[in-house]
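> Next one to model:
(one chain, ligands or ions: 1)
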Amino acid sequence: MSPLFNSISIGSMIIKNRFVRSATNDYLGNSDGSISDQEVELYQTLAENDVGLIITAHTYVQHPKGRASISQNAIYEDRLIRGYQKLAQSVHPYGTKLVMQISHAGRQTTTSITEGQTPIAPSMVIDQSTGQAPREMSEAEILTLITDFVAAIGRAKTADCDGVQLHIAHGYALSQFLSPYTNRRSDQWGGSIENRTRIIKEIITQGKLLVGADYPILVKLNSTDGFSDPGYLSLDDVLYTAKLLESLGTSAIEVSGGIKEAKGVMSRPGIKTAEQEAYFAVAAKAIKQVVSIPIILVGGLRSKTIMEHIITSQTADMVALSRPFVKEPNLVTKLLEGQETVACVSCNACFNPNGLKCYYKGKD
Ligand SMILES: Cc1cc2nc3c(=O)[nH]c(=O)nc-3n(C[C@H](O)[C@H](O)[C@H](O)COP(=O)(O)O)c2cc1C
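As a prediction, this is how the structure comes out:
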């Protein structure tokens with residue numbers, strides 16, 4: 001029997017197999033940030049088709065500055081809980097677990113998305129991908145951001161989500177605090193790695209006080225900004241952060257990488273060979289060696305053999321996929337029935353504000 005179909009515990013949550021649908025923004029939310037009927041249908045389809053754990057699209061915790069895209073889901077007010085209850089109710093009958101990913105855009109947004117308000121960030125470092133200049137956050141704004149993340153953790157629990165995942169990846173606000181490239185502060189929130197992780201420590205500590213030590217808090221963590229030059233996030237910083245996360249009671253770490261300025265790092269295009277698969281595997285294995293909580297690997301997993309090898313070689317405990325589930329929401333069932341590889345060609349056309357689906361037309 002393939003190790004991919006063994007169950008696993010993430011804190012108090014038991015997951016029936018090793019497959020994770022990694023957080024995937026679907027551009028299908030209602031204009032007020034609430035969950036749409038189309039989204040309920042999408043999640044139910046994934047659950048019906050044996051995905052063990054679904055992580056929601058990144059859900060922003062502070063309006064309007066936390067919003068990274070139009071049609072993004074939000075959880076900054078209690079009225080938004082109801083939609084997540086519907087998601088939970090749609091997946092639980094199939095034995096699938098649901099984890100809400102929570103985020104704040106920080107500097108990776110534009111004034112057209114934040115209703116004209118200047119984006120906020122740890123430091124004033126212009127986002128080269130958009131040309132947008134953010135405003136440096138005040139101490140009071142950092143404390144408010146912590147409060148808003150903690151409130152979102154509470155709402156995830158109220159909504160019957162089985163856990164929550166802090167988005168500390170891909171160049172959004174918490175990942176901006178972590179990286180010395182985007183965090184140039186000289187106060188207690190910047191400088192040393194102890195200071196750059198302080199906001200994460202506060203959110204998890206206060207979050208646990210609110211929802212209880214047993215409620216699973218997971219993290220999606222950048223293993224790199226996508227640049228190897230000095231001044232960007234280093235592996236030493238990442239290993240320090242992983243150990244800190246474990247000591248704070250984090251239930252699992254999903255290993256990813258890339259900020260928006262580093263194009264093609266997070267969702268690498270054109271994966272055709274086994275060598276191109278699992279492009280964060282080295283980082284995941286390094287993290288797994290310094291912590292004992294479950295590690296989830298995301299990024300370019302395309303064949304069953306490689307996925308199995310990730311588990312058996314103790315590189316990670318679970319495999320997470322995003323683009324392949326856009327093409328084949330029934331992928332897990334197909335792999336169980338003997339299919340060997342995914343149909344997705346990693347063309348990235350699914351990054352489309354018209355709504356999540358596979359737009360691939362050509363050969364590849
Ligand atoms: C359309 C699209 C939307 C995404 N939205 C999110 C998101 O909301 N949160 C997140 O952490 N990652 C997001 N990602 C990144 C994926 O979760 C994943 O880390 C990346 O695509 C690599 O995995 P893959 O090769 O299986 O696609 C998104 C990716 C795609 C293609």
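
> Pull the contacting residues for the nearest residue to Leu174 once chain neighbours are set aside.
Leaving aside its chain neighbours, Leu174 sits nearest to Ile168 (4.3 Å; criterion: C-beta to C-beta, 6 or more residues apart in numbering). Yep, even glycine has a C-beta here, placed from its N, CA and C like the rest. Residues in contact with Ile168 (C-beta atoms under 8 Å, 6 or more residues apart in numbering) are 174-175, 178, 200, 219-222, 241.

> Inside strands: which ones of those?
219-222 (DSSP state E).

> can I get the residues you listed in a markdown table with distance to Thr147 and neighbour count?
Below are the ones in strands among the contacts of Ile168 laid out as a markdown table (distance: C-beta to C-beta, whole Å; neighbours: other C-beta atoms under 10 Å):
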| residue | distance to Thr147 | neighbour count |
| --- | --- | --- |
| Val219 | 19 | 26 |
| Lys220 | 21 | 27 |
| Leu221 | 22 | 29 |
| Asn222 | 24 | 29 |
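
> Put together TSV for the residues you listed, with pLDDT and distance to Asn49 on each row.
Formatted as TSV, the ones in strands among the contacts of Ile168 follow (pLDDT from 0 to 100; distance: C-beta to C-beta, whole Å):
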residue	pLDDT	distance to Asn49
Val219	98	26
Lys220	98	23
Leu221	98	28
Asn222	98	29
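
> Show me the subset of the residues you listed that also lies near the ligand.
Filtering those for proximity to the ligand by C-beta under 6 Å from any ligand atom leaves Lys220.

> ok, so of the ones in strands among the contacts of Ile168, who is nearest the ligand?
The nearest member of the ones in strands among the contacts of Ile168 to the ligand, counting by C-beta to the nearest ligand atom, is Lys220 at 5.0 Å.

> circling back: which residues does the residue nearest to Leu174 form a beta bridge with?
Leu221 (DSSP bridges).

> Next one: it from Leu233, what distance?
Taking C-beta to C-beta, to the nearest Å as the measure, Ile168 falls 11 Å from Leu233.

> so what sits against both of those two?
178, 222.

> Show me the strands in the stretch 51-200 of the chain, by range?
Assigned strands in the stretch 51-200 of the chain, in chain order: 53-55, 59-60, 97-103, 120-121, 135-136, 163-168 (criterion: DSSP state E, counting those that start in this stretch).

> Now that we have those strands, can you turn them into TSV and tack on distance to Lys272 and mean pLDDT?
Shown next, in TSV, are the strands of the stretch 51-200 of the chain (distance: least, C-beta to C-beta, whole Å; pLDDT from 0 to 100):
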stretch	distance to Lys272	mean pLDDT
strand 53-55	26	98
strand 59-60	33	98
strand 97-103	29	98
strand 120-121	37	98
strand 135-136	43	98
strand 163-168	29	98
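
> tell me, which helix in this protein spans the most residues?
helix 139-158 (DSSP state H).

> That one packs against which elements?
helix 81-91, strand 97-103, strand 163-168, helix 198-211 (3 or more C-beta pairs under 8 Å, 6 or more residues apart in numbering; DSSP states H and E).

> please redo it, this time with the cut-off set to 7 Å
strand 97-103, helix 198-211 (3 or more C-beta pairs under 7 Å, 6 or more residues apart in numbering; DSSP states H and E).

> most packed of those?
strand 97-103 (a mean of 27; mean count of other C-beta atoms under 10 Å).

> For that strand, give me every contacting residue.
13, 15, 23, 52-61, 75, 84, 87-88, 91, 149, 152, 156, 161-167, 172, 218, 220 (C-beta atoms under 7 Å, 6 or more residues apart in numbering).

> Show me which residues of the stretch 201-350 of the chain sit near the ligand.
When proximity is defined as C-beta under 6 Å from any ligand atom, the stretch 201-350 of the chain approaches the ligand at 220, 256, 266-267, 298-301, 321-324, 350.

> Out of the residues you listed, name the ones that lie in strands.
Members of these lying in strands (criterion: DSSP E): 220, 256, 298, 321.

> tell me the two of those residues that are most distant?
Pairwise distances among these were taken by C-beta to C-beta; the largest, 13.6 Å, belongs to Lys220 and Leu321.

> Which one of the residues in the stretch 151-300 of the chain is closest to the ligand?
Ser267 (3.6 Å).
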